[in-house]
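> quick one: sequence plus predicted model below, questions after.
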Amino acid sequence: MPGGRLTQQERQQIALGLADGLAYAEIARRLGRPTSTVTREVMRNGGPTSYRADLAHRATQHRAHRRKQTAPRGPQAPSQTHGRDAEAVREYEETLTTVLIQSGSPKMMARVLACLFTSDTGSLTASELVQRLQVSPASISKAIAFLDSQGLVRRERDERRRERYVVDDDVWYQSMIASARGTAHLAETARQGVDVLGRGTPAATRLENVARFVDFVSESIARAADQAREILHTKPEAALDGTTESGADRG
């Protein structure tokens, strides 16, 4: 039943496909479903190594029951623009949220980030986030405070003096640079162990090799991020013309 909710039988087929080592795309093809549907189903229910069809089915029923109980009586999320398929957008937001969670973001922070990334303006107010995510204002406030502390969003006031939460085009650049700094710190710590354990000993040599490897990776990440940074600021028209390639190739 493509387009509807996954059935228990389909979930069993997904579990069998995972056990056979099939790719998500192949499992989806056999089910007649979008690959994103299978990816989201697996990632939100334990991942490829822990997915269980019966547990996933019960969890989905529980989530549907909970949504029904807490469904707001007020207006729903705004209709989609640019002729977008509202259901496809909702599914993609869930997929993006799942990937962000798997990357280490707490669940609510990942949901807020996904909303911001998929909005054309790249900014939303607290009330807009509450409406779109159907959660409490306190949950949004807590998520924004965390994202703000990590430099992933910033706050600004619009013409109506409402506080808006903005995801900058540079957020991925800043994230990559922060990652490079983190690995550089690991390299520095590994080198401290070389002197403690005695240079030339097996343990010290192991740590020295780790430091050299991590140094190379962190420097490569930082250099690549600097070279590709302007891609994040490419306008839609330029992207359609293919003009981003020259910027990425420079350096």
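That came through, no problem.

> contacts, neighbours, all on C-alpha from now
Noted.

> OK, contacts around H185?
Remark: with contacts taken as CA atoms under 8 Å, 6 or more residues apart in numbering, H185 is in contact with nothing.

> pretty sure K107 sits against I101.
Yes - K107 lies in contact with I101 (CA atoms under 8 Å); the separation is 5.9 Å.

> just want to know which of the two has more residues nearby.
Under the neighbour definition other CA atoms under 10 Å, K107 and I101 were set side by side, and I101 has more, 18 against 15.

> isn't that one right up against L113?
No - the pair I101 and L113 fails to qualify as a contact (CA under 8 Å) at a distance of 10.5 Å.

> okay, helices next: where are they in this protein?
8-19, 24-31, 35-43, 53-70, 86-102, 107-117, 126-133, 137-149, 171-197, 202-228, 236-241, 244-249 (DSSP state H).

> summarise which helices and strands the second one is packed against.
Here helix 24-31 is seen to pack against helix 8-19, helix 35-43 when contacts are counted using 3 or more CA pairs under 8 Å, 6 or more residues apart in numbering; DSSP states H and E.

> what does it rub up against?
The contact list for helix 24-31, computed with CA under 8 Å, 6+ apart, reads 10, 13-14, 17, 34-35, 37-39.

> of all the residues in that helix, which ones are buried?
Buried residues in helix 24-31, defined by neighbour count with 16 or more other CA atoms under 10 Å: 24-25, 27-28, 31.

> what about stretch 114-133, how long is it end to end?
10 Å (CA to CA, to the nearest Å).

> contact partners of that stretch?
76-77, 93-94, 96-97, 111-112, 136-137, 140-141, 162-168.

> just to revisit the earlier point, most tightly packed of the helices and strands packed on helix 24-31?
Each of the helices and strands packed on helix 24-31 was assessed for mean neighbour count using mean count of other CA atoms under 10 Å. The highest is helix 35-43, with a mean of 21.

> and that one, what does it pack against?
Taking 3+ CA pairs under 8 Å, 6+ apart as contact, the helices and strands that helix 35-43 lies on are helix 24-31, helix 86-102.

> what's the angle between that helix and helix 24-31?
110 degrees (axes from the mean of the first three to the mean of the last three CA atoms, to 10 degrees).

> and the contacts of helix 35-43?
Contacts of helix 35-43 with the rest of the structure, by CA under 8 Å, 6+ apart, involve 14, 24-25, 27-29, 48, 51, 56, 91-92, 94-95, 98-99, 102.

> 10 Å instead?
Applying CA atoms under 10 Å, 6 or more residues apart in numbering, the external contacts of helix 35-43 come out as 2-3, 5-6, 10-11, 14-15, 18, 23-29, 31, 47-53, 56-57, 60, 88, 91-99, 101-102.

> same check, this time on stretch 105-113
When contacts are taken as CA under 10 Å, 6+ apart, the neighbours of stretch 105-113 outside the stretch itself are 93-94, 96-104, 114, 116-117, 122, 124, 129-130, 132-133, 135, 139-140, 142-147, 152-153, 165-167.

> if I look at T49, how far off is A19?
According to CA to CA, T49 and A19 sit 8 Å apart.
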